[in-house]
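**Student:** Pasting the sequence and the predicted coordinates here, then a few questions.
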Amino acid sequence: MPRTEPQRSCLGCREVKDKKDLLRFVLAPDRTLVPDLLNKLPGRGAYTCMSKLCLKAAADRKQFARSYRGEVKHAGADELVNQVALRLEERIVSYLALANKAGKVVSGSDMVAEALRKRSPGVLFIAADISPEIGQKFAHLACKSGVPCFNLLDKGRLGALLGKELRSVAAIEQSGFVETITRELKRYRNFFEGGTQSQ
Ligand SMILES: [Zn+2]
């Protein structure tokens, strides 16, 4: 018999999904709710979809307190969403920094445009505050080469991470980093754009 994935239901929309696709929370000893992005913290988990809508719904309707049978300390729904978003972002940023250390990142408009034309890098980062025309130009180039692209971080942050001045775009060359970073980027995107909570 094939082993089935353990499943849990989302506290926001009640849908039952594979545990690994959900966002896990645990309760600290002082009953503060802690997001557990790596699914590693000890204790009983409470889950929502990887979606800010479901997380907000769960917090607004006090579902965490119900799940843990008693008082649960957590910030308001929006602040909880921010906490999770920041942690998701931190993970992406740390992988990007590692890839850069390993010499697998090219940045700057000219270098990235050339990389996109000549060889397909694994992932393209487009700064969130880039001018719309340039952003579209790069998104189009990436699309033509079949390179997934993500709008994330601002030019200052992207540059600082890479040890440079402002950077509007950065590409990760084909390497072992691509799969991990793409997975994290998709989780991040799902968190903001996905969601099954219908209300
Ligand atoms: Zn849900």
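**Tutor:** Yes, it's here.

**Student:** show me where the chain has helices.
**Tutor:** For the chain, the helices defined by DSSP state H occupy 52-60, 63-67, 77-101, 109-118, 132-144, 155-161, 176-193.

**Student:** Show me what the fourth one is packed up against.
**Tutor:** So that's helix 109-118. Helices and strands touching helix 109-118, as assessed by 3 or more CB pairs under 8 Å, 6 or more residues apart in numbering; DSSP states H and E, comprise helix 132-144, strand 169-172. C-betas here are computed from N, CA, C, even on glycine.

**Student:** angle of it against helix 132-144?
**Tutor:** Calculated by axes from the mean of the first three to the mean of the last three CA atoms, to 10 degrees, helix 109-118 forms an angle of 30 degrees with helix 132-144.

**Student:** What are the buried residues along helix 109-118?
**Tutor:** Using 16 or more other CB atoms under 10 Å as the test for burial, helix 109-118 gives 112-113, 115-116.

**Student:** Which two among the residues you listed are spaced furthest apart?
**Tutor:** Using CB to CB, the buried residues of helix 109-118 span at most 7.4 Å, a distance reached by 113 and 115.

**Student:** who in this structure is up against the ion?
**Tutor:** 10, 12-13, 49, 54, 196 (CB under 5 Å from the ion).

**Student:** Whichever of these end up buried, select them in PyMOL.
**Tutor:** Of these, the buried ones can be selected in PyMOL as follows, counting by 16+ other CB under 10 Å:
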select buried, resi 10+12+13+49+54
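
**Student:** Which of the residues of the chain next to the ion fall in strands?
**Tutor:** Mapping these onto strands (DSSP state E) picks out residue 49.

**Student:** okay, who's weakest in the residues of the chain next to the ion by pLDDT?
**Tutor:** In terms of pLDDT, residue 196 ranks lowest among the residues of the chain next to the ion, with 63.

**Student:** Show me how the protein divides into domains.
**Tutor:** As given by automatic domain parsing, the domain ranges for the chain are 7-78, 86-193.

**Student:** how far is the strand of greatest length in the chain from where the chain is centred?
**Tutor:** In the chain, with assignment by DSSP E, the single longest strand is strand 22-27. In terms of CA atoms, centre = their mean, to the nearest Å, the centre of strand 22-27 is found 15 Å from the chain centre.

**Student:** got a list of contacts for stretch 106-115?
**Tutor:** Contact with stretch 106-115 is made by 121, 124, 134, 138, 141, 158-159, 162, 164, 167-171, 173, as judged by CB atoms under 8 Å, 6 or more residues apart in numbering.

**Student:** ditto for stretch 43-54
**Tutor:** 8-13, 15, 17, 19, 21-27, 33, 36, 39, 55, 57-58, 63-64, 67-68, 81, 84-85, 187, 190-192, 194-197.

**Student:** Go through it and flag the buried ones.
**Tutor:** 45-54.
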